[in-house]
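>>> Provided below are the primary sequence and the corresponding predicted coordinates.
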Amino acid sequence: MISIAEFKEDKLNKIIKDALKENRYLLNEVESKSLIKSFDIPVVNTKLAQNVSQAKSIASKLSFPLAMKIVSNDISHKSDVGGVQLDIANIKEVESTYKAMIKRVKKVNSKAVIIGISIQPMVEDGIELVAGVTTDKQFGPVLMFGLGGVFIEFMKDVSFKLLPLRKIDAKNIINEIQSKQLLMGARGLPKVDLDKLQKILLSLSSFVVMNPEVEEIDLNPIIANEKKIIAVDARIVLKK
């Protein structure tokens with residue numbers, strides 16, 4: 001008799017195997033979040049709507065304001081094609097946003113196959129962090145952690161560790177970023193639970209080690225405040 005853990009693993013493996021069968025190496029947002037969440041990495045509750053009726057039904061069960069993002073295996077950078085809308089306040093805006101976003105994205109990229117639009121609650125403000133994995137040709141998978149969001153481009157305050165990650169590595173990678181004091185409540189910013197943050201980094205390491213088909217992961221931003229640490233967006237690239 002198959003166990004719940006084995007069933008869960010088979011279901012997750014299917015996401016990766018199906019993508020590889022389709023010669024598809026970039027997983028969409030919903031697929032990526034499903035995989036990440038399975039390893040106890042907190043991600044914002046995200047639902048896929050494939051038509052306006054579904055979008056309104058999903059939105060009615062979530063807390064406003066909402067964020068809506070285009071879901072397409074042919075589109076990597078959603079913002080570049082007008083595929084992201086934030087702070088949606090009510091059901092009427094959900095309907096108008098869905099229709100306008102589909103039209104806008106098709107105009108920019110007429111060949112893109114659109115799966116639907118993801119809908120998720122907006123996350124409370126906090127410090128924006130980034131965690132991800134890249135694969136070095138010589139050393140293998142490497143985990144990166146640091147300030148995320150807009151800060152990653154300007155401050156480049158990140159640290160790196162080879163995988164698999166040990167507990168001491170998870171602690172050190174946090175200590176090594178120059179802005180660590182910000183995570184400890186400096187300048188009136190929310191104090192982040194560093195133990196919880198370490199566990200998330202260790203879980204990310206475990207996910208990559210147990211799924212060697214993964215080439216790259218990008219969790220950006222991860223919003224961290226006094227209440228929780230949660231990934232708002234997730235992107236996974238598989239090995240060719």
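Right, received. Where do you want to start?

>>> Doesn't V142 belong to a strand?
Yes. V142 sits within a strand when classified using DSSP: H, G, I helix; E, B strand; the rest coil.

>>> Spit out the contact partners of it.
By CB atoms under 8 Å, 6 or more residues apart in numbering, the contact set of V142 is V133, T134, T135, D136, F160, K161, L162, L163. Yep, even glycine has a C-beta here, placed from its N, CA and C like the rest.

>>> Kindly reformat these as a markdown table containing neighbour count.
Formatted as a markdown table, the contacts of V142 follow (neighbours: other CB atoms under 10 Å):
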| residue | neighbour count |
| --- | --- |
| V133 | 22 |
| T134 | 14 |
| T135 | 17 |
| D136 | 10 |
| F160 | 14 |
| K161 | 19 |
| L162 | 13 |
| L163 | 19 |
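
>>> Filter those residues down to the ones in strands?
Counting by DSSP state E, the part of the contacts of V142 found in strands is V133, T134, T135, D136, F160, K161, L162.

>>> Most widely separated two among these?
The distance between the two most remote of these (CB to CB) is 13.8 Å, for T135 and K161.

>>> care to break the chain down by domain?
47-121, 127-238 (automatic domain parsing).

>>> how close does K180 get to D157?
From K180 across to D157, the span is 9 Å (CB to CB, to the nearest Å).

>>> tell me, how many neighbours does K199 end up with?
Neighbours of K199 under the rule other CB atoms under 10 Å: 16.

>>> next one: A49
21.

>>> contacting residues for it?
Shown in contact with A49 (CB under 8 Å, 6+ apart): A55, S57, I58, Y98, G116, I117, S118, I119.

>>> so the last one sits right up against Q50, yeah?
No. Checked against CB atoms under 8 Å, the pair I119 and Q50 is beyond contact range at 11.2 Å.

>>> So between the two, which is more surrounded?
Between I119 and Q50, I119 has the larger neighbour count (other CB under 10 Å), namely 26 against 12.

>>> a helix runs through the more buried one, doesn't it?
No. Counting by three-state DSSP, I119 falls outside a helix, being strand.

>>> gap between S57 and E95?
Distance from S57 to E95, counting by CB to CB: 11 Å.

>>> now swap in R104 and tell me
R104 is 15 Å from E95, where distance means CB to CB.

>>> one step back: got TSV for the domains of the chain, with distance to E29 and mean pLDDT too?
TSV is the format used below for the domains of the chain (distance: least, CB to CB, whole Å; pLDDT from 0 to 100):
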stretch	distance to E29	mean pLDDT
domain 47-121	5	95
domain 127-238	7	92
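
>>> can you give me the helices for the protein?
Applying DSSP state H to the chain gives helices spanning 4-21, 29-37, 52-60, 91-108, 151-154, 167-175, 180-183, 194-210.

>>> Which of the ones you listed has the highest mean neighbour count?
helix 29-37 (a mean of 21; mean count of other CB atoms under 10 Å).

>>> That one to helix 194-210, inter-axis angle?
Going by axes from the mean of the first three to the mean of the last three CA atoms, to 10 degrees, helix 29-37 is angled at 110 degrees with respect to helix 194-210.

>>> which residues are contacting helix 29-37?
Contacting residues not belonging to helix 29-37 are listed as 12, 15-16, 19, 27, 43, 46, 48, 69, 71, 115, 118, 204, 207, 211, 217, 219, 231, 233-236 [CB under 8 Å, 6+ apart].
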